[in-house]
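Asks: Show me the folded form of this:
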Amino acid sequence: MRDALIDQARRLTAERYPEAWSVVLAGSVAAGRERAGSDLDLAVLLPDGHPTHRETLRHEGRLVEVFAHTLAGLAELRAFDAASRRVVIQQMYATGLVLLDRDGHAARLAADCRAELLAGPAPLGDERRDALRYALTDLLEDLGDTPDRLEALAIGTETVRSAADLLCDHHLAWIGTGKWFPRRLLAAAPDLGARLLDAHRALSETGDPAALLAAAAEVLDLAGGPLSAGYRRDWPTAARPAAPAPAPAGKA
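Replies: The predicted structure is shown next:
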């Protein structure tokens, strides 16, 4: 099946992107984890003058996710992904299968992206880390106090997300969403990350939050401990909503 999907990706490339400088096939097909319904994920490098965009299309009955960009557009995408600590486009280039490479662009980008992934993200600043510590402290208080199972499940989901952010920051590791959430968490912290995920599953299956409270508290200790009373965060002036204009004379 994999060879057939690779051939299909090559046909799509020839039909829709004949001017491309490079094309990289990423995702489950490139990793050898394809299934019958797998889509095709393509990173397409285009000459200057083309728009950088993401497009979902259907080719020969199969969904295709296209990440198309110029070199300048790709630099912006990489900067955005690094700032968000998710590195989606870097993962595509670092681990993808090269279908087309004019002038060695794909090879150079793959090497750069592998180095970026290996280096890890910059540490969270104190303000962001404290905000996460405060949020997780509050979540743990609510999780241990609510008798409502639906509320506990909702709080538990937020607890795992906040704890994962702090734990990945502790290890200077990238984070992920969707299926990449557990993958990145387990890569960053195989033991404590697994306990967080198992505890969240136990909460959903049994309604017992004890394991999640313990695992998340351990993460909180690694990040500097609980933070509640005494926490202050000033609202940036530029982010404040504008004050309403005064009413004209004679009107309420």
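Asks: So for the lowest-mean-pLDDT helix or strand in the chain, what gets flagged as buried?
Replies: When each helix and strand of the chain is scored by mean pLDDT, DSSP states H and E, helix 27-31 comes last, with a mean of 90. Buried residues in helix 27-31, counted by 16 or more other Cβ atoms under 10 Å: 27, 28, 29, 30. To be clear about C-beta, it is placed using only N, CA and C from the backbone, and glycine gets the same treatment.
Asks: That one - contacts with which helices or strands?
Replies: helix 2-16, strand 40-45, helix 88-95 (3 or more Cβ pairs under 8 Å, 6 or more residues apart in numbering; DSSP states H and E).
Asks: Out of these, flag the one nearest residue 135.
Replies: When those are compared by Cβ to Cβ, helix 88-95 sits nearest residue 135, at 24.2 Å.
Asks: who touches the closest one?
Replies: With contacts defined as Cβ atoms under 8 Å, 6 or more residues apart in numbering, helix 88-95 is touched by 24, 26-27, 30-31, 41, 43, 67, 74, 77-78, 81-82, 106, 109-110, 112-114, 116-117.
Asks: returning to what we had before: mind checking how far the least confident helix or strand of the chain is from the chain centre?
Replies: 18 Å (Cα atoms, centre = their mean, to the nearest Å).
Asks: now could you export just the CA positions of that helix as PDB?
Replies: What follows is helix 27-31, C-alpha atoms only, in PDB (Å, rounded to 0.1, in the frame of the first residue of the first chain):
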ATOM      1  CA  GLY A  27       2.800  11.900   8.000                       C
ATOM      2  CA  SER A  28       1.800   8.300   8.500                       C
ATOM      3  CA  VAL A  29       2.700   7.300   4.900                       C
ATOM      4  CA  ALA A  30       6.300   8.500   5.200                       C
ATOM      5  CA  ALA A  31       6.600   6.900   8.700                       C
END
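Asks: what's that helix in contact with?
Replies: Contacts of helix 27-31 (Cβ under 8 Å, 6+ apart): 2, 5-6, 9, 24, 34-35, 38-41, 65, 92, 95-97.
Asks: List buried members of those residues by neighbour count.
Replies: Buried among those by 16+ other Cβ under 10 Å: 5-6, 9, 24, 34, 38-41, 65, 92, 95-97.
Asks: Throw the residues you listed into CSV and include pLDDT and distance to residue 229, thanks.
Replies: Listed next are the buried ones among the contacts of helix 27-31 as CSV, based on pLDDT from 0 to 100; distance: Cβ to Cβ, whole Å:
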residue, pLDDT, distance to residue 229
5, 92, 56
6, 92, 58
9, 94, 56
24, 97, 51
34, 84, 52
38, 88, 50
39, 92, 49
40, 95, 52
41, 95, 47
65, 96, 46
92, 96, 45
95, 95, 45
96, 96, 49
97, 96, 53
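Asks: Among those, which one lies nearest to residue 236?
Replies: Ranked by distance to residue 236 (Cβ to Cβ), the buried ones among the contacts of helix 27-31 are led by residue 92 at 33.6 Å.
Asks: And the pLDDT at residue 249?
Replies: Looking at residue 249, its pLDDT is 41.
Asks: next structured bit after the longest helix seen in the chain?
Replies: Assignment by DSSP state H gives helix 149-170 as the longest helix of the chain. Per DSSP states H and E, the first helix or strand lying C-terminal to helix 149-170 is helix 180-188.
Asks: elements contacting the following helix or strand past that following helix?
Replies: Per DSSP H and E, the first helix or strand lying C-terminal to helix 180-188 is helix 190-206. Here helix 190-206 touches helix 149-170, helix 180-188, helix 210-222, going by 3+ Cβ pairs under 8 Å, 6+ apart.
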